[in-house]
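Quick one, what's the 3D model for this:
(one chain, ligands or ions: 1)
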Amino acid sequence: MKTDVLVVGSGCSGLYCALHLPKAKKITVITKSDVESSDSFLAQGGICMLKDESDYETYFNDTLKAGHFENDKKSVEIMIRSSQDVINDLVGYGVRFERDENGNFLFTREGAHSSKRILFHKDITGKEITSKLFAEAKTRDNIEIIEYTSMLDIIEKDGKCVGAVIRTSEGETKCVLCDYTVLATGGIGGLFRHSTNFNHLTGDSLAVAIKHGIELRDIDYIQIHPTTLFTKEDRSFLISESVRGEGAKLYDKTGRRFVNELLPRDILTGKILEQMKKDRTEHVWEDLRTIKREELLRHFPNIIEHCKEQGYDATEECIPVVPAQHYFMGGIKVDYNSKTSMNRLYAVGETACNGVHGKNRLASNSLLESLVFAKRAAKEICKIYEELEKDELELDLSAYENLSALEEDYKKTVLEKIEEAKQKRQNEIKGEE
Ligand SMILES: Cc1cc2nc3c(=O)[nH]c(=O)nc-3n(C[C@H](O)[C@H](O)[C@H](O)COP(=O)(O)OP(=O)(O)OC[C@H]3O[C@@H](n4cnc5c(N)ncnc54)[C@H](O)[C@@H]3O)c2cc1C
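All right, here's what the predicted structure looks like:
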């Protein structure tokens, strides 16, 4: 199989990248499940935007503070400065953000933001954005999206990425040869017992990167979300931070408020876990009744509905919440144009790491970061585009036959590498002390 650019993953980063790649080239997007099953569809809270110049410094500092000042400052600057351009694109694709009666954007707030700068669409902002990107991609003759097709490996030749090994929906293993490959495979939640992510997101790009000696960065930086609904569901349901931004409170087992709900995620998670240990409980309580009922129903219909399905009327009673794995700050190391350490290979979205989030992501920066750097990857590919000779390759595909063994091996490889990175960092910190 031959194409010009192969994009692996159909979340917001993969689709937005595809939309900015050369229109004269054939772009193939493959995706492991159906298009709707990406974390991009799950994003609730919203997407940050630089409202005006007066908020630049505070937005920049909030991002750095949340990231424990380990962020790459240039990445942060690029992200913030590009935010209005991205939002203009989205509005152009028909994305609806909440507006006031004069048509001006309405902004909300989440933890660790010192002002309201988050655009939202009810509590289904990710679905609104990604479904419009998908709709736009479907109108483009040069973009083909193939569902239920997984990347099993990349194909390396003379230090360059020249394509990928894929497993089709019919269970066939095939090689795809292309000029450029973009990895957009999202996070790593599928490696954890409790996660807000879809469980088919298992960090496959990382496993492949490890196999090919491609550089990684900060892979021990994994964000735990402080508040997910405590249930027996397969995937932990997120109770968005903007609920706390709008005034929801957290209580211990006696109904006493024990923490500032708007602390950065990692610190708040620590406080909740501490409280659970003290109280010997499996969760704490979140009170949404502090938000006006009409506002709750208008802004958070999806959350209210889901709680109801799980037996809680959040407009009348507290709901049990517990921290769960949520986001991956680390990933495949990329430059400011999302290029990896391998020629002709790019990585965008949650699977990539350009250092923008540092040690901890500021809420609602990830959709933005995914889009900003996906567009930069596409623009860079447009600029440098050079075709490859796509000779037939003689590849032994037998190593890919046993899919479940391969998947287990990939998961193990990634988890071991994360553990190794944790140990290394702890040793470095001890060394400094
Ligand atoms: C519940 C929840 C709420 C969130 N809320 C917000 C929010 O309010 N604001 C915000 O900014 N961020 C939020 N985030 C984070 C944000 O949604 C993600 O970081 C972002 O959507 C990642 O986009 P992506 O394109 O990198 O990955 P995804 O959208 O996860 O897409 C990954 C794609 O890769 C495909 N894939 C994976 N492996 C393979 C493979 N081997 N072969 C082929 N395809 C593969 C998947 O099928 C999928 O299509 C939230 C995340 C979750 C889970």
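
Surely Pro301 and Asp123 touch.
Yes: here Pro301 reaches Asp123: they are 6.7 Å apart, a contact under CB atoms under 8 Å. C-beta: built from backbone N, CA, C; applies to glycine.

and the two? which has more neighbours close in?
The residue with more neighbours, out of Pro301 and Asp123 and counting by other CB atoms under 10 Å, is Asp123; that gives 26 against 13.

Next up, the contacts around that one.
Asp123 makes contacts with Gln44, Gly45, Ser240, Ser242, His299, Phe300, Pro301, Asn302, Ile303, as judged by CB atoms under 8 Å, 6 or more residues apart in numbering.

I'd assumed it was in a helix, is it?
No: in this structure, Asp123 is coil, not part of a helix, as judged by DSSP: H, G, I helix; E, B strand; the rest coil.

Return the backbone torsion pair for the residue in the stretch 251-400 of the chain positioned nearest to the ligand.
Proximity to the ligand, evaluated over the stretch 251-400 of the chain using CB to the nearest ligand atom, is greatest for Gly349 at 2.2 Å. Backbone dihedrals for Gly349, given as degrees, to the nearest 10, come out at phi 70, psi -160.

which residue sits closest to it, ignoring its sequence neighbours?
Here the nearest residue to Gly349 in space, its sequence neighbours aside, is Ser13; by CB to CB, 6 or more residues apart in numbering that works out to 2.9 Å.

from what I can see that neighbour touches Val372, true?
No: taking CB under 8 Å as the contact criterion, Ser13 and Val372 are not neighbours in contact, 9.7 Å apart.

what about Leu21, how many neighbours?
The burial count assigned to Leu21 is 24, neighbours taken as other CB under 10 Å.

if we can go back for a sec, Ser13 and Val372: who's more crowded?
In terms of neighbours (other CB under 10 Å), Ser13 is the more surrounded of Ser13 and Val372; the figures are 36 against 25.

burial count for the residue of the stretch 251-400 of the chain closest to the ligand?
The criterion is other CB under 10 Å. On that basis, Gly349 has 32 neighbouring residues.

Who are the contact partners of it?
Gly9, Gly11, Cys12, Ser13, Gly14, Ala184, Thr185, Gly186, Ser370, Phe373, Ala374.

Could you rerun that using 6 Å?
Gly349 sits next to Ser13, Ala184, Ser370 when contact means CB atoms under 6 Å, 6 or more residues apart in numbering.

which of those residues lies closest to Leu229?
Here the nearest of the contacts of Gly349 to Leu229, counting by CB to CB, is Ser370; it sits at 24.8 Å.

Now flag whichever of the contacts of Gly349 is closest to Asp266.
Within the set of those, Ser370 lies nearest Asp266; the separation is 20.4 Å, counting by CB to CB.

what's the offset of the helix or strand the closest one falls within from the middle of its chain?
Mapping Ser370 onto the secondary structure by DSSP states H and E places it in helix 366-384. Computed by CA atoms, centre = their mean, to the nearest Å, the chain-centroid distance of helix 366-384 equals 15 Å.

For it, what does the pLDDT average out to?
When pLDDT is averaged along helix 366-384, the result is 98.

now swap in stretch 186-205 and tell me
Per-residue scores along stretch 186-205 average to 95.

Compute the first-to-last residue distance for it.
Using CA to CA, to the nearest Å, the end-to-end distance of stretch 186-205 comes to 9 Å.

Please compute how far it lies from its chain's middle.
Between the centre of stretch 186-205 and the centre of its chain there are 10 Å (CA atoms, centre = their mean).

Go through that stretch and flag the buried ones.
If you call a residue buried by 16 or more other CB atoms under 10 Å, then stretch 186-205 has these buried ones: 186-192, 194-198, 200-205.

which of those residues come close to the ligand?
Contacts with the ligand within the buried residues of stretch 186-205, as defined by CB under 6 Å from any ligand atom: Gly186, Gly187, Thr196, Asn197, His200, Leu201, Asp204.

From Gly431, how far out is Phe328?
Shown here: Phe328 relative to Gly431, a distance of 26 Å by CB to CB, to the nearest Å.

should've said Gln84
For Gln84, the distance to Gly431 equals 43 Å [CB to CB].

now Val334, nearest residue through space, not along the chain?
That would be Ala352: by CB to CB, 6+ apart, it lies 4.7 Å from Val334.

What's the per-residue pLDDT of the one you found here?
Residue-level confidence at Ala352 comes out at 98, pLDDT.

before we move on, the earlier item: compare Gln84 and Gly431 (neighbour count), which wins?
For Gln84 versus Gly431, neighbours defined as other CB under 10 Å are more numerous around Gln84 (13 against 7).

pretty sure the more buried one is in a strand, no?
No: using three-state DSSP, the assignment for Gln84 is helix, not a strand.

returning to what we had before: and the ligand, which of the contacts of Asp123 contact it?
By CB under 6 Å from any ligand atom, the members of these lying near the ligand are Gln44, Gly45.

farthest pair in the contacts of Asp123?
Within those, Gly45 and Pro301 form the most distant pair, 14.1 Å apart (CB to CB).

quick one, helices of this structure?
Assigned helices in the chain, in chain order: 12-20, 56-66, 73-92, 125-139, 204-211, 241-245, 265-279, 293-299, 301-309, 366-384, 403-432 (criterion: DSSP state H).
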